[in-house]
Structures are given as C-alpha cells and as structure tokens.
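Participant: no sequence for this one, just the structure:
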Ligand code: COA
C-alpha cells in the first residue's frame, strides 16, 4: 500500500477512525489506508456479515477493529454504535461519512420516495453520523471527511436525487467547518471520480477503461480505491491542519469534461442511442 511509503507506520496510532458504509468499496479502501498507518478502525453498514468480512481484512493490516451494523438513516441506532465504537477503541478522531445509495433513473420516473431514500442515506445519514460523533470530535479536535461526488457541482443525467443529496453534503460540510472550527474540528469533502472495481462504477456504466465511454479522462485511466484512501489520510493528517471547508476533487481531471463522459456511459448502459 503506497501510503505506508510516505507516512510513518504509526502515523495514526491511538487515533480512532469511524467509517460509515465501511464494509466495501471506496469506504473500505479508506478504512484500510488508516489501518495500515496504525489507526483503530470502526466501520458500520447495513449488513453484519459484510462488516465481519471487512473487519478481517482490517485486522490483517494490524488494526484494532469494531464492526457493528447500523443503517445511517436510523439516527438512534447510529448513535448507539458510535458510542460502542468509542467504548471499544477510544474517542473518534476521524469520522468518514461514506455511506451512500445510488441508482441512475430519469427524473420523471423517480418516485418521491426514491428521491427521499437517497437524500435520507447520503445527506441526512451524514448529518446523523456527524451529530452523533460531535462530542468525541470536540474532545479529540478531530476531522470529518464527507464522501461527495461530481454530481454536487455539475448536473449529471439520471442523478437528480444524488446531485441534490451531494450538493447538500458539501454545503453542510462548509457550515460545519464554519461552526466547529472554534472547537478545533475540521470538515472537508472528497469527490472521487470514476474508481475502478467499485459498486458505484458497476451502477454507473463502468467496465474496462479502454472500451468504456469514460476513456477520455485527462489522466487516461480510472482511479484506484487506494487513491481515495490516500486523499483521506492526507486530509486527516497534520499536513492538512489548516485545511477546512474544502472540496478535494480526486478524479483524474474527469470533471473537466463536465458530465459528458458519464452521460454517454449511462446512455450506453441503458441501451439508448
Ligand atoms: N430506480 C428507480 N427507483 C428506485 C430504484 C431504481 N433502480 N431503486 C430503488 N428505487 C426507489 C424504490 O422504488 C422506492 O420508491 P417507492 O417506494 O416509491 O417505490 C425507493 O427507491 C426505496 O427503495 P427501496 O428498495 O425500499 O430502498 P432501500 O433502502 O432498500 O435501498 C438503496 C435503496 C439505494 C440503498 C439500494 O439501491 C442499495 O442497496 N444500493 C446499494 C448501495 C449503493 O447504492 N451504493 C452506491 C454506491 S455509489
């Protein structure tokens, strides 16, 4: 893992990192990057068996782990699990709000409940986690990292629900950075671009880069899960001590083409001309 070549192996020793949606994908990749640097890692998600498998991977990297099921839409349950994680591992110093839901659908076919479901998971779920962890973050002078998306600032076809939720996340992040700076708490967002092998890319028309509609990404490839993990480690580290209220775009320059590449990929996946 590249991060261990540039950070000391004990860079996050004694720090508890809590990752929502940490059972797979980008979020598990983030958890692993912190685990490799000595952090204690807590993960939550909807399915305990998935979390248990992820926990084994994290323990194999040497981390103390707490893995307990909680749907971020259930604020009371999430608060309990965040409390349990702190009791097991120590107060949370880094909170990563990564739990998300997505399905591409034309706005006119999306039901009000479908729209609400994504806003509930992404936006309100992120607030629930942040609110529940506040006292711990205050005690540790911690850092919150939200996983946003390009949909937050560029309109993408069939993503009206996701765009609204992610734009909300980035504005919430800025509000929290403003209000909680006085407690020493930093808040930032990461915008991952197309990341290889993730659930998101399966859902959003990924596949092999060369034969995909994404093939004009300026850096000429999909991103790797670890590259988002590395960005999270940087933002949580003392190297970023004066960085708060920012959106860090980690996308190989994909956003420079606007939503064109994504739109083509989605149309191809849906079989449209
Ligand atoms: N197209 C249109 N509407 C959809 C849909 C789709 N593909 N999938 C769900 N919905 C709508 C449902 O129709 C329902 O609305 P309705 O009651 O008006 O019919 C609403 O969304 C809730 O659906 P439900 O299946 O009950 O929600 P859920 O909470 O069980 O699951 C997700 C929703 C988003 C969590 C689910 O799609 C999921 O598990 N996704 C995997 C994780 C993920 O999306 N990761 C994204 C990584 S980018």
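Facilitator: Received, thanks. As the structure is a prediction and not an experimental result, all values here were calculated from the model. Numbering: from 1, shown residues only.
Participant: Name the nearest residue to residue 7, ignoring sequence neighbours.
Facilitator: Nearest residue to residue 7, sequence neighbours excluded (CB to CB, 6 or more residues apart in numbering): residue 37, at 5.4 Å. Any C-beta I mention is one placed from the backbone N, CA and C, and that applies to glycine too.
Participant: Tell me how far residue 140 lies from residue 172.
Facilitator: 20 Å (CB to CB, to the nearest Å).
Participant: That should have said residue 62, apologies.
Facilitator: Applying CB to CB, the value for residue 62 to residue 172 is 34 Å.
Participant: The two: which has the busier surroundings?
Facilitator: Using other CB atoms under 10 Å as the criterion, residue 62 and residue 172 rank with residue 172 on top: 20 against 12.
Participant: any idea which element the closest residue in space to that one that isn't next to it in sequence lies in?
Facilitator: Spatial nearest neighbour of residue 172, excluding adjacent residues (CB to CB, 6+ apart): residue 127 at 6.3 Å. Following DSSP states H and E, one finds residue 127 within helix 125-140.
Participant: circling back: so the residue nearest to residue 7 makes contact with residue 14?
Facilitator: No. Using CB atoms under 8 Å, residue 37 is not in contact with residue 14, being 11.2 Å away.
Participant: Which one's more surrounded, those two?
Facilitator: A count of neighbours by other CB under 10 Å puts residue 37 above the other of residue 37 and residue 14, at 27 against 12.
Participant: that's a helix at that one, yeah?
Facilitator: No. With DSSP: H, G, I helix; E, B strand; the rest coil as the criterion, residue 37 is coil rather than part of a helix.
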